[in-house]
Every structure is written in C-alpha cells, then in structure tokens.
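Enquirer: Here is a sequence with its predicted model. Questions after.
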Amino acid sequence: MTAGNDAVLELLPMVFAAPGEALARAEALLAGDPAPLPASVAHQVIGIWQRDWGDMRLALRHLRRARDLAARADCAEREGDVLGTLGVALVHAGRTRQGLAAFERGVVRTTGHTRARVLYRRAYAWWVLGHHREALEDVRRAIPVLRQENDVIWTARALTLRATVHLAVGAVDRADADFTAAEALWDTTGQEHDKADAVESRGLAAFRSGDVPVALRLLDEAEQRYARLGTPTFMLNIRRCEVLIAAGLAPEALAEADAAIKVLDGIGGQSTRKAELLLTAARAARLAGDPHTAIARAAVAVRLFAAQRRSWWETHAQLVLIEARHAAGRGSGRLVADAAAVAGKLASSGAPAAPAASLLAGRIALSLGWTADAERHLAHAARSRRSGPPLARLTGWAAQALRAQAAGSGRGVLQACRHGLDVLDDHRMTLGASELRARATEQGAELAALAQRASLAHGGPRRLLEWSERWRATALSAPPTRPPDDQRLLGELTAFREIAARADQARAEGRPVPALEREQRRLEREIRSRTLHLRGEVPGGGDRFDPARLLARLGATRLVDLAVVDGRVHVLLCGQGRVRRFTAGSVAEAEAEAEHVQAGLRRLAHPGAEARLPVMEAAGRRLEELLLGGAAAHLGGGPVVVVPPGRLHRVPWALLPSLRERVVSVSPSASSWLRAQGTEPPRGGRQLLVRGPGLATGGAEVPELADRYGAATVLEDDRARVPRVLGELDGAALAHIAAHGAFRNDSPLFSSLRMADGPLIVHDFERLARSPYRLILSCCDTARFASVGADELLGLVTALLPLGTAGVVAASAPVNDAAVVPLMLALHKGLDAGLSLAEALRDARTALPDDAVHRATGWAFTAFGAA
C-alpha cells in the first residue's frame, strides 16, 4: 500500500485504543468512495467493531466485503489479514468449519509478519473452541516473529492469550509470568481496550490462584475502563460470575449472566459468548438451589457448543447438566456413566474440573448403592486433595470423606473433613468482607454434615459438640478487615445516607421516589463492591473450639447447643463438667412454629389482641418440645445460654416455659460465647444515649436514663448524626440507642438504625476500631438476621460481636413503642445494680404489667453474648 494508505492502516490498532473514533473514521472514509485497498481496511475496522461489540450479521457482511476488495486489488497480504479477522468472526458466529477454512487460506496467503498475526488470531479461535494444545502451538509460532518485528501490540496480545490458555489448563505460574510480561508491554502503548483486557485477565489469574477479593477489584477496574470506552463487557460478565459463584453469591451471578444474555440477544452478538453465558447461568442456578433453571440453561448451552464444534466447552456444559439433574433428584446408571464419561474427557484435556466430575459420578453411584463403582470414581477425585487451588483441594477431601463413609470408617470421615475444612478456613481468611466469609462456608457444608453424622454414629456427645461448633458462626471467629480511610468509600456512605433520608421524607409526604430509589441502589452497589475488595488480615481460622475449656468456664451456667443432623434437633446440654445429648424434634417443624410465633408477636404489639395470648403460650410449649425435648428437665437452676442453628434465630426463647423465668442469653456459637465472656470492658466506663427521629414515644426512656447516668453523652435531634454517633460509640462501655430499625433480608449489611441524617448501617459499624462493650437497641427488628452459608448469620448484632461487643439486647420482632419504655427503664435499673444484660432483662420482664402487650414486648427482646 502507498504512504497515503499507511494512515488508513492506523485505523486497525485504533479499534482497540479508541473504538468509537475508529468506527466513525472508517464510516467517513467509506462515504468518500475510496479505492479498493483503503476501502478494505475501512470495512475490516467496521467488521471488527461489530464482531466484538455489535451485530454479528453486520460484522460478517463487512468482513466479507473487506476480503473481496483485497482480492480485487490482488493484495495477498491484505486478503490474508482480513481472512484472519473473518475466521474469528465465523467461529464466534458458530460457523466453526467455515472459520477454520478461512484461517487455513489466510495462513497460505500470507508470509512473515502478517502470517504471525493470522496465527495469533487462529490461536485465539482454538482457545474459544477449547483446543488448547493447538492454541499453544499457533501462539508458539507467532510470538518469535512478532518480537523480531518489534510489534509491541501484537506481542502483548499473544502473551495475554497464551496466559489465558495456561489458566484454562491449570498452569497458573506460567500464566502469571506471561501476564506480567504482557502488562509491561501494554504500559508502553495507547491501546486502552487492550489494557482493560489485560486488567480483566489479571483478575482471572487472581481468581484461579484463589484470591477472590483481588479478582473482584481487578474485574471492577476493568469494567470501569471498558465503560470509558463505551464497549460491552460480555467476557468480563462471564469471569465475574465465576468469581461470584466461588464467593457464594450464586444468585447474583445468575442475575448478571441472564442480564448479559438479554443484552447480547438485543444486539445480535456473538453466538459463542451466548453459549458461554448460558453455561455460566446454569452453574449459578444450580448453586443457587434452582436445578430446573440450571437444566434448562445447560441443555441449550450443550446444543450450542455442539453446533459450534466446541467439544471442550460442550463437555463442561454436560457436567453442569448432569449436576443439575442429580440435584433435581434424578439418579440412574445412565447418569453415572455420563458423569464418568465427562470426567474422562475432562481429564484427557487437562481441565481442572475433572475431579469434580469424578466426585459427581461417585456421589450418584453411592446413591444407587453401587459401592465398587463409587470407590473407583471417588478415588480419582480424591487425588486432587493434596495440590491445586483451595476449592479443588476441597473437592478432593470431600471425595475422600465419602470414600471413608462408604467403607464405614468414622475416623476416616472425620480426618478427611478436618483436612477439608482446614483448607477452606485458609481460603476464608483471605476474604476481608464479613459477607464473603459467611457465604464461603457454604462450600464446606457437606463436609460439616458428614462429620456431624459420623460423630453421632461413632462418637459421644462431646465429639458431636466439637463438630457442631467446627462450622458454626465461623465468620465471627475474627473481625472483618476494617475498611481503610478511603475517601471515596466515605463519600459514598455519606451520599447513601443523604439519598436514603430524602427518599424516606418523600415517601412520608406521598411523593414518588423512583429516581431516588435508583440512585440509592446504585450507591448500595458501589459501597458493597468496595467492601468485597477487602483482603483478610488474620492468618489461620482463629482459635479452635475446645469442649474442655467451655466446660471449665461455664460454672453454674448451662449451655444448650442445638445441633441439627439429618433434619433432627439434637440437644447438647453442657455443664457440670460433661456434655449430655437429648433427641428433640424436627428442625423444619420448629422453624415453621417460630414463624407463626413471630406473626403472633406482631399482632400482640397492638392493643386488642389479648385473645392471641393463649395461642402464643401454647406455641411456646410446642417449641419447647421441638427444641429442648427431654433436656428441659435437666437445665438446673442457674443461667442458660442457648446456641441455636442459624435457621432458628427468630425463636423468642423467653416464650419457652422452662426458660420464661430464667436468666437466658443467646449466642451464635459456643466459641462466640467464650470470646464474649473473655472480653474485658474498656477503661473509663463511658456511656452513650442516642435518640433517633420519628419514634412514637419520642424515645421517652432516654431523658430518664440521662438523669440516671449523669455523665452520659446524649445525642438527640440534629446531634444524632451518623459521624458523631459512630465517634461516640467507638470504645464506649454502654450504649443505648432508641431509633427505628430496618432489617434488609435482601442485603443484610444494609440493615439500619435511623439517625437524624439518614440510616446508620452495618457497613458503618464495621468501621469502628472497637464497638461498645454493651449495647441496648430499644427498637424493632434489630435482632433479625439473614441465614447464609453453612450456618452463618448476617445482621446488626452479629456484625458487632467480633468487634468487641460482649453483650447486646435487641428485639427480633416489631414491638409496642410505649411498652418498650418501662422495659428499658427496668433493664437499666438492673444494670445499675450490677446485673448482667441477661439478668437485668429477666428482672425487667417480671416488673412489667401482666397484660398481653407488655408480655409480648418482653418476649420479643433477647440478650445476646455474655456481658
């Protein structure tokens, strides 16, 4: 091409530096009726833009026109270069045979530098098709030539591609070396889209090495770069969904994948990306507990991959389809054979998912009673337990535990479960966000259940206690990583409060709030995203639970640990130097009864519902039968600590007859109670009283408490603003907050207390250096939690316990504001006399009038912890 045409050729690298500008220039060039060679370049530029970010049909039309114009000009190098671009488009369109034929002709028509670029493109297509050996061979041939030609951009692309292929086959160290080399080259260029792709690829590498927070941070950074360029992010959507799934956020991954599919369909985008998004959606749906959606998505993905001749991808989609069918309750010899065949194909291609497929085959075989077949498949899966990323090793230990269970070896089951949960502990503690730590425990739920089952069958009550504690409320074993003094995060939290307060005011005035709600949701996403980026700072999984230490510390107290094994409640009564086991009722029945009781408490919060009182008392007796069984007669005369599973966090324990007159406290785990009991109160004994806006009684107890505690700091009216409240809460000995509470089941860390300037949310509390030693929340719904992961709770109270709070009093249901006032005054009277929170709450209940409203108010409040 002539020197004048060299300027036209500059449009090609511009597509990945400034995509919108490149498209506009190419369209302007074609409007001027150019000669065949520059017209060929312009059509190629438009074809690349449409292929990657637009309509695939338009892409193919422009690329074929570019090829024909190059052939008309009799320029073999130009024609071969276009054929390489066309080959990628045809593969992405699902026309694999035509695409490979275009590559073959492109290689033949070119030499030297241009051929190396065509080989790179074919290597990319091989990667898309799942042919990793062929991809590595083509990129091996291309890189030396590109380096010799000092082609920085294409060398960096080739190194990035080779790193991505290495990741696909589990060679993380090789991938990291190539990514590092490519990044150094990208820093010398202006290829902004390629740079964004490099950041995205490093996010994938971080994920493959097990670093979820860094992966999320890099993927978010890449998304911001793509947004500045105005280009869609379908590959990034797929990769982020993978990370979200691994982090226990499968429902979010499913929503993101489905949304991306809708966008892709709307623009007529790449068929290959649609198949990959469907596979991602199927994985997410299965892990979100929706096997039927998973089956539907995976079945379509299998058909698309087969039509596209992408056997590697098809095999992965078949694995998800079999997993979903098994999760839906299907089991047959055919399903075992299919899973085994998939495992074989994955193993032969070096895919990291091969152990998971063998584990699946072993599970199905076990469910059919085929122990010999199960042993063979599980033995294959168990080989992964010694090396690789944490979740791959977890798969291996799960297989080893199932092998031991099939062989009748309780000791072998416990040993495998111990090793597997240790692996997951190490992984969890790399996560700084309490939400991620809690949700990550879901991956160890099966091991924990196997260990409990083995303990029940082969060990005594003490061993069952040890294993029930091993995987309960583990997110509370260490405080979450305290967010740094990030001005952007602080600004987003301030903006969130402002928008939320404006939305509340608009609702109160009957004005529409859709724009404010949209902005509030956007800010919530930004805040949550930044907190998920935090890495863990605590090595190991915290102190291991020791039953002997618990028994030594209990004294006259009885601790009631409720373990659930195969749907049945087992009461582990700890005290007097021993652990006794009692069998109680069905956890599902208890959960349903607890929901009925919550509905009753809501009704009793209003006058005129006295007729419901006998119904509530009968429900309390029923709950006692289901949850305590025979243990109710052996509680002794001292205080009782109840440690319920997460599913039963809404039980009002003071309603149970045997606990009604007792000093009762609740703890998420026995370990958490031990930590609370060992927490020393801060020096100085500062007291804080806070009164938020909009209370029916105006927080009437606060002025009287201010008189009781003469030196207490009182924040009310405009002084009760979040920054001031947080500053006074930090390190306080006692804090009492009278404010409206709001629980967010959809996003529990945005549960809040309403202050003068807007909501005080859990994310705010997590910024405290030390939360108050004792905290009293005299408002509705502050003791509500979301049960996530294996047996974890997310909410306001559980956020405070790892941060230095030893005791909390809060309500699990709506309460009558007027009836709360005498309860709170009596509670503080007891604290002033030197009682613990649980003792003071017990005495406060007995001091209330005996009518239905006051009794229901007393039952709704619970003491948590050990202060």
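Expert: Cool, got the structure.
Enquirer: isn't residue 767 right up against residue 725?
Expert: No - the pair residue 767 and residue 725 fails to qualify as a contact (CB atoms under 8 Å) at a distance of 11.9 Å. (Each C-beta comes from the backbone N, C-alpha and C, glycine too.)
Enquirer: Compare these two and say which is more crowded by neighbours.
Expert: residue 725 (25 against 16; other CB atoms under 10 Å).
Enquirer: so what's that one up against?
Expert: Shown in contact with residue 725 (CB atoms under 8 Å, 6 or more residues apart in numbering): 690, 715, 737, 755, 760.
Enquirer: The helix or strand containing the last one pairs with which strands, and in what direction?
Expert: I take that to be residue 760. Taking DSSP states H and E as the criterion, the element that holds residue 760 is strand 758-761. The pairing partners recorded for strand 758-761 under DSSP bridges are strand 752-755 (antiparallel).
Enquirer: contacts for the strand holding residue 760?
Expert: By CB under 8 Å, 6+ apart, strand 758-761 touches 493, 496-501, 504, 722, 725-726, 739, 742, 749-754.
Enquirer: and those residues, which of them are in helices?
Expert: With helices taken from DSSP state H, the overlap with the contacts of strand 758-761 comprises 493, 496-501, 504, 722, 725-726.
Enquirer: how about the helices of the stretch 301-450 of the chain, start to end?
Expert: 311-327, 333-348, 354-367, 371-382, 390-406, 410-428, 434-440, 445-458 (DSSP state H, counting those that start in this stretch).
Enquirer: Any buried residues in the fifth one, and which?
Expert: Put plainly, it is helix 390-406. 390-406 (16 or more other CB atoms under 10 Å).
Enquirer: Who are the packing partners of it?
Expert: helix 354-367, helix 371-382, helix 410-428, helix 445-458 (3 or more CB pairs under 8 Å, 6 or more residues apart in numbering; DSSP states H and E).
Enquirer: which secondary structure elements does whichever helix or strand comes after the last one contact?
Expert: Scanning the chain past helix 445-458 towards its C-terminal end, the next helix or strand to appear is helix 461-470 (assignment: DSSP H and E). In terms of contacts (3+ CB pairs under 8 Å, 6+ apart), helix 461-470 is packed against helix 410-428, helix 445-458, helix 547-554, strand 558-565, strand 568-575, strand 578-586, helix 670-677.
Enquirer: what number of residues lie near residue 769?
Expert: 9.
Enquirer: Need phi/psi at residue 866.
Expert: Torsion angles at residue 866 (phi, psi; degrees, to the nearest 10) stand at phi -140, psi 20.
Enquirer: what sits against it?
Expert: Neighbouring residues of residue 866 by CB under 8 Å, 6+ apart: 641, 665, 667, 673, 676-677, 679, 806-807, 836.
Enquirer: Check the gap between it and residue 785 for me.
Expert: Per CB to CB, to the nearest Å, residue 866 is found 18 Å from residue 785.
Enquirer: In terms of pLDDT, where does residue 741 sit?
Expert: Note on residue 741: pLDDT of 89.
Enquirer: Enumerate every residue touching it.
Expert: 751-754, 777, 779-782, 796, 811.
Enquirer: Just give me the least confident of those.
Expert: residue 781 (79).
Enquirer: any idea how far that one is from residue 813?
Expert: In terms of CB to CB, residue 781 sits 7 Å off from residue 813.
Enquirer: These two: who's more crowded?
Expert: Taking neighbours as other CB under 10 Å, residue 781 and residue 813 compare with residue 813 leading, 23 against 20.
Enquirer: Spatially, which residue comes closest to the more buried one, not counting chain neighbours?
Expert: Distances taken as CB to CB, 6 or more residues apart in numbering put residue 601 closest to residue 813, at 4.1 Å, once the chain neighbours are dropped.
Enquirer: burial count for that neighbour?
Expert: 24.
Enquirer: Any buried residues in the helix or strand containing it, and which?
Expert: Using DSSP H and E, residue 601 sits within helix 587-604. Neighbour counts over helix 587-604 (16+ other CB under 10 Å) mark 587, 589-591, 593-594, 597-598, 600-604 as buried.
Enquirer: Over to stretch 118-135?
Expert: Quick answer for stretch 118-135 (16+ other CB under 10 Å): 118-132, 134-135.
Enquirer: Can you flag which of those belong to helices?
Expert: Using DSSP H, the buried residues of stretch 118-135 in helices are 118-129, 132, 134-135.
Enquirer: Now do the residue most central in space within the chain against residue 438, distance only.
Expert: Closest to where the C-alpha atoms of the chain average out (CA atoms, centre = their mean) is residue 249, at 3.3 Å. Separation of residue 249 from residue 438 (CB to CB): 11 Å.
Enquirer: Also residue 284?
Expert: Here residue 284 is placed at a distance of 19 Å from residue 438 (CB to CB).
Enquirer: Also residue 856?
Expert: Distance from residue 856 to residue 438, by CB to CB: 31 Å.
Enquirer: Check residue 414 too.
Expert: 24 Å.
Enquirer: out of those two, which sits in the busier spot?
Expert: residue 438 (30 against 22).
Enquirer: circling back: pick out whichever of the contacts of residue 725 sits closest to residue 536.
Expert: Within the contacts of residue 725, the smallest distance to residue 536 is 25.2 Å, found for residue 760 (CB to CB).
Enquirer: Dig out what the closest one forms beta bridges with.
Expert: residue 753.
Enquirer: Same check on residue 643?
Expert: Residues in beta-bridge contact with residue 643 (DSSP bridges): residue 561.
Enquirer: Much appreciated, bye for now.
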